[in-house]
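> Got a sequence here, can you build the structure:
(one chain, ligands or ions: 1)
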Amino acid sequence: MESARALSDARPTPFWLEDPGRPAALPALVGDTTCDLLVVGGGYSGLWTALIAKERDPALDVVLVEGHEVGWAASGRNGGFCAASLTHGFGNGLERWPSELAQLERLGAANLDGIEATLKRYGIDAEWERTGEIDVATQPHQVEELHEVAEAVARYGFDLTVLDADQLRAEVNSPTFLGGLWDKDGVAMVHPAKLAWGLKEACLGLGVRIFEHTRATELREHGGGMAARTPYGRVFARRVALGTNVFPSLLKRVRPYVVPVYDYALMTEPLSDEQLASIGWRGRQGLGDSANKFHYFRLSADNRILWGGYDAVYHYGGHVRHEYDQRPETFRTLANHFFRCFPQLEGLRFTNAWGGAIDTCSRFSAFFDTAYRGKVAYAVGYTGLGVGATRFGAEVMLDLLAGERTERTERTSLDMVRSKPLPFPPEPVRWAGIEITTRSLEHADRNGGHRNLWLRTLDRLGLGFDS
Ligand SMILES: Cc1cc2nc3c(=O)[nH]c(=O)nc-3n(C[C@H](O)[C@H](O)[C@H](O)COP(=O)(O)OP(=O)(O)OC[C@H]3O[C@@H](n4cnc5c(N)ncnc54)[C@H](O)[C@@H]3O)c2cc1C
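Just a heads-up that it's a prediction; the model follows:
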């Protein structure tokens, strides 16, 4: 109850989207228009696709339609951990694509460097800090697991720094920390909404035509190209890229592969110098603990702490609904866990509490394909790690649309790009399966990480549920 008091003035809105720099929405499309490439969706996925398309060919006429406002959804409300990993972490990549993991890690590192270079090139101030990330063990079995990961990573020629409890607490001081694994270069912290708005500005600067409050309601073939219907008009395009994330895909066949999973976060007020000194955190790394139900936490530019994760909630029927963005019981749990992690911050208050939907697929990392004989491409299924990987997905979509399926690029030759996850079963089996999995994961966290028969069976099938 004590910790819940810290929530009493928390606003039910994502902290990042309250920034006074939030740009006004651009007018909706009215009437018909024609273009070379139509991009649907104004999150990172769509914005990177539009930007890179113009960079590849400045003469290309690119239109982007966004159903609401650019960056309002996952891209403007996430934790801002921008990771090099394209596979939702090294462990997941190792399990699924061991023989091409070294290549995927190299492409992921180049992708992260590419994001940093783009920010510099267009002068985008997205509070980018290449601090790295520390995976934290808070239970003894997790210390062993972190050592195992460090050894596996080393076999691939990468170097992560193992920290014992004292070394970790010298970096970030919490009585709950037992050890850590520090990836010093593979993750950056970013202001997520400023990244989306900056990309929007850069797109406009290159001549992309952006229409907000313009939902594409239908996609069909038209002549040699495609036509998309919107509330007040139509877009005729030679090619279409779909960056619609967790929202119902315009391609019905894609829908069974993705379920919306709600993830939640709190933001504190700015810490005073003494409060910050009581934690240390001079390296300003992103942190995540290592349980199945994990927390992620980081500092903002003005020294607030974002504290998110733990509950990953799937609602029966798999709808994306505004009312799911608020979940007081999760906010209470998160507040409780926050003060357990940082008891020295007692009295600190939360200013914001929000949630958002993640496009979970059963392999936790994006998948890609085309439809309408190569005229439409999509990239979806990033699960909880799309801040960085969406730029890679944008490149893949553009490769596919350029017909590079026959003349493959390095990206489109990857097994990871050419394969798909298993779809989720229909309701009610879907809900029941996710429910059993969630309970089994909780049980494993309480029992030294021991995975029960259900989880071991899913592991063998390469199936799972994560955020
Ligand atoms: C709370 C939370 C925390 C997260 N934390 C992290 C993190 O720290 N690190 C990380 O890597 N990832 C994180 N993620 C995931 C990450 O935010 C996403 O993977 C990423 O933003 C996906 O970008 P996107 O462009 O695909 O999707 P979105 O940002 O969801 O954009 C999709 C856009 O498409 C629009 N759209 C959909 N359908 C249509 C249509 N028919 N017509 C027109 N427009 C349409 C939507 O309005 C939306 O704006 C988090 C997600 C959440 C919700």
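
> what's the residue lying closest to G132 once chain neighbours are set aside sitting at in phi/psi?
Among residues not flanking G132 along the chain, K184 sits closest, at 4.2 Å (C-beta to C-beta, 6 or more residues apart in numbering). Every residue, glycine included, has its C-beta placed from N, CA and C. Phi and psi for K184, reported as degrees, to the nearest 10, are phi -80, psi -20.

> Next, count neighbours for K184.
15 (other C-beta atoms under 10 Å).

> what's the closest non-adjacent residue to G223?
F236 is the one closest to G223 (C-beta to C-beta, 6+ apart), at 7.7 Å.

> hang on, that neighbour in a helix?
No. Per DSSP: H, G, I helix; E, B strand; the rest coil, F236 lies outside any helix segment and is strand.

> Hmm, it is touching G31, no?
No. If you go by C-beta atoms under 8 Å, F236 and G31 don't touch, sitting 11.7 Å apart.

> neighbour-wise, which of these two wins?
Comparing F236 with G31 by other C-beta under 10 Å, the one with more neighbours is F236, at 16 against 8.

> pLDDT score for the more buried one?
With respect to pLDDT, F236 has a value of 98.

> same deal with M1?
What the model reports as pLDDT for M1 is 60.

> what's around the residue nearest to G157 when sequence neighbours are not counted, how many residues?
Sequence neighbours aside, A102 is the residue nearest to G157 in space, at 7.1 Å (criterion: C-beta to C-beta, 6+ apart). Applying other C-beta under 10 Å, we find 15 other residues in the vicinity of A102.

> what does the one 5 residues further on give?
Residues lying near L107 (other C-beta under 10 Å) number 20.

> again, but for the one 4 residues further on
Burial of N111 is recorded as 23 neighbouring residues (other C-beta under 10 Å).

> you'd agree it is in a helix?
Yes. Under three-state DSSP, N111 sits within a helix.

> Tell me how far it lies from the ligand.
12 Å (C-beta to the nearest ligand atom, to the nearest Å).

> about what we covered before: now do the same contact list for the residue nearest to G223.
Neighbouring residues of F236 by C-beta atoms under 8 Å, 6 or more residues apart in numbering: D32, T33, T34, C35, H222, G223, G225, M226, A227.

> can you pull the pLDDT of the residue in the stretch 301-450 of the chain that the ligand sits nearest to?
When scored by C-beta to the nearest ligand atom, the stretch 301-450 of the chain has G386 as its residue closest to the ligand, at 2.0 Å. What the model reports for G386 is a pLDDT of 97.

> Is it in a helix, a strand, or coil?
coil.

> What is the burial count for it?
28.

> picking that back up, may I see the buried residues of the helix or strand containing the residue nearest to G157?
Per DSSP states H and E: A102 is located in helix 101-122. The neighbour-count check on helix 101-122 (16 or more other C-beta atoms under 10 Å) flags 101, 103-105, 107-109, 111-112, 114-115, 118-119 as buried.

> can you check stretch 435-451 too?
T437, T438, S440, L441, A444, D445, G449, R451.

> Hmm, L101 is touching N92, no?
No. The pair L101 / N92 is not scored as a contact, 10.0 Å apart, by C-beta under 8 Å.

> how about the residue nearest to F211 when sequence neighbours are not counted, phi and psi?
In space, and not counting its chain neighbours, F211 is closest to L29: 4.0 Å by C-beta to C-beta, 6+ apart. Main-chain torsions, L29, degrees, to the nearest 10: phi -70, psi 130.

> all strands of the stretch 51-200 of the chain, in order?
Assigned by DSSP state E, counting those that start in this stretch, the stretch 51-200 of the chain shows strands spanning 62-65, 81-83, 133-137, 161-164, 179-183, 187-189.

> Check which helices and strands the fourth one is in contact with.
Helices and strands in packing contact with strand 161-164 are listed as helix 140-155, strand 179-183; criterion 3 or more C-beta pairs under 8 Å, 6 or more residues apart in numbering; DSSP states H and E.

> what does the last one give?
Using 3+ C-beta pairs under 8 Å, 6+ apart as the contact criterion, the neighbours of strand 187-189 among helices and strands are strand 81-83, helix 101-122.

> let's see it at 10 Å
In terms of contacts (3 or more C-beta pairs under 10 Å, 6 or more residues apart in numbering; DSSP states H and E), strand 187-189 is packed against strand 81-83, helix 101-122, strand 133-137, strand 286-289, strand 295-299.

> re the thing from before, and the helices and strands packed on strand 161-164: which comes nearest the ligand?
Among the helices and strands packed on strand 161-164, the nearest to the ligand by C-beta to the nearest ligand atom is strand 179-183 (13.7 Å).

> Indicate whether the helix or strand hosting A50 makes contact with the ligand.
Under the criterion of DSSP H and E, A50 resides in helix 44-56. Yes. For a cut-off given as C-beta under 6 Å from any ligand atom, helix 44-56 has contacts with the ligand, namely Y44, S45, G46.

> between those, which is nearest the ligand?
Nearest to the ligand among these, counting by C-beta to the nearest ligand atom, is S45 at 3.3 Å.

> shouldn't that closest one be in contact with A74?
Yes. Under the criterion of C-beta atoms under 10 Å, S45 makes contact with A74 at 9.4 Å.

> Who has more neighbours out of the two?
A side-by-side neighbour count of S45 and A74, using other C-beta under 10 Å, places S45 first with 31 against 24.

> ok, for that one, nearest residue in space, not its chain neighbours?
Here the residue nearest S45, using C-beta to C-beta, 6+ apart, is G243, at 3.1 Å.

> and what of V30?
Closest to V30 by C-beta to C-beta, 6+ apart is Y232, at 4.5 Å.

> need the contact list for the one you found.
A28, L29, V30, G31, D32, F211, H213, T214 (C-beta atoms under 10 Å, 6 or more residues apart in numbering).

> Which among the residues you listed count as buried?
A28, L29, F211, H213, T214.

> Could you dump those into JSON lines and include pLDDT and secondary structure?
Putting those into JSON lines (pLDDT from 0 to 100; DSSP: H, G, I helix; E, B strand; the rest coil) gives the following:
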{"residue": "A28", "pLDDT": "98", "secondary structure": "coil"}
{"residue": "L29", "pLDDT": "98", "secondary structure": "coil"}
{"residue": "F211", "pLDDT": "98", "secondary structure": "strand"}
{"residue": "H213", "pLDDT": "98", "secondary structure": "coil"}
{"residue": "T214", "pLDDT": "98", "secondary structure": "coil"}
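
> Of those residues, just say which sits nearest to the ligand.
The closest of these, once distances to the ligand are taken by C-beta to the nearest ligand atom, is T214, at 6.5 Å.

> list the contacts for P328?
By C-beta under 10 Å, 6+ apart, the residues touching P328 are A4, L7, A10, P12, A353.

> Next one: it from R349, what distance?
To R349, P328 is 16 Å away according to C-beta to C-beta, to the nearest Å.

> Which phi and psi values does D185 adopt?
Residue torsions, per degrees, to the nearest 10, at D185 are phi -130, psi -10.
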